[in-house]
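Novice: sequence isn't available, so here's the structure alone:
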């Protein structure tokens with residue numbers, strides 16, 4: 001299973017999911033999607049998720065990804 005999908009499955013167990021919105025100029029935009037039943041304390045912080053996403057996307061051969069921007073509904077702004 002691809003690394004990005006493995007990370008999605010881990011988050012789904014806590015009531016969340018990831019959606020890759022695309023890559024533009026080296027930045028992957030990924031949305032964290034939370035269900036009403038999501039365990040917010042179980043989902044790692046934004047900066048840790050961004051690092052894991054970068055590693056997982058590059059692990060899939062996405063050399064075009066230089067950074068990840070996580071759209072996290074837990075964080076305002």
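Specialist: Received it, and whenever you're ready, just let me know what you need. Note that this is a predicted model, so its numbers are computed, not measured.

Novice: CA only for contacts and neighbour counts going forward, please
Specialist: Will do.

Novice: list the buried residues of the helix or strand harbouring residue 8.
Specialist: Taking DSSP states H and E as the definition, one finds residue 8 inside helix 3-12. Buried residues in helix 3-12, counted by 16 or more other C-alpha atoms under 10 Å: 3, 4, 7, 8, 11, 12.

Novice: now those in CSV, please, with extra columns for pLDDT.
Specialist: Converted to CSV, the buried residues of helix 3-12 look like this (pLDDT from 0 to 100):
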residue, pLDDT
3, 93
4, 94
7, 95
8, 96
11, 97
12, 97
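
Novice: can you put these in JSON lines and add distance to residue 67?
Specialist: Below are the buried residues of helix 3-12 laid out as JSON lines (distance: C-alpha to C-alpha, whole Å):
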{"residue": "3", "distance to residue 67": "16"}
{"residue": "4", "distance to residue 67": "15"}
{"residue": "7", "distance to residue 67": "17"}
{"residue": "8", "distance to residue 67": "18"}
{"residue": "11", "distance to residue 67": "20"}
{"residue": "12", "distance to residue 67": "23"}
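
Novice: quick check: the two most widely separated of the residues you listed?
Specialist: Using C-alpha to C-alpha, the buried residues of helix 3-12 reach their maximum pairwise distance at 3 and 12, which is 14.2 Å.

Novice: so in terms of bridging, what pairs with the closest residue to residue 49 other than its chain neighbours?
Specialist: Take residue 49 and drop its neighbours on the chain: the residue closest to it by C-alpha to C-alpha, 6 or more residues apart in numbering is residue 70, 7.8 Å away. When bridges are called by DSSP bridges, residue 70 pairs up with residue 30.

Novice: which residues of this structure score low on pLDDT?
Specialist: 76-77 (pLDDT under 70).

Novice: in terms of secondary structure, what does the helix ranked longest in it contact?
Specialist: Counting by DSSP state H, the longest helix found in the chain is helix 46-59. On a contact count with 3 or more C-alpha pairs under 8 Å, 6 or more residues apart in numbering; DSSP states H and E, helix 46-59 meets helix 3-12, strand 67-71.
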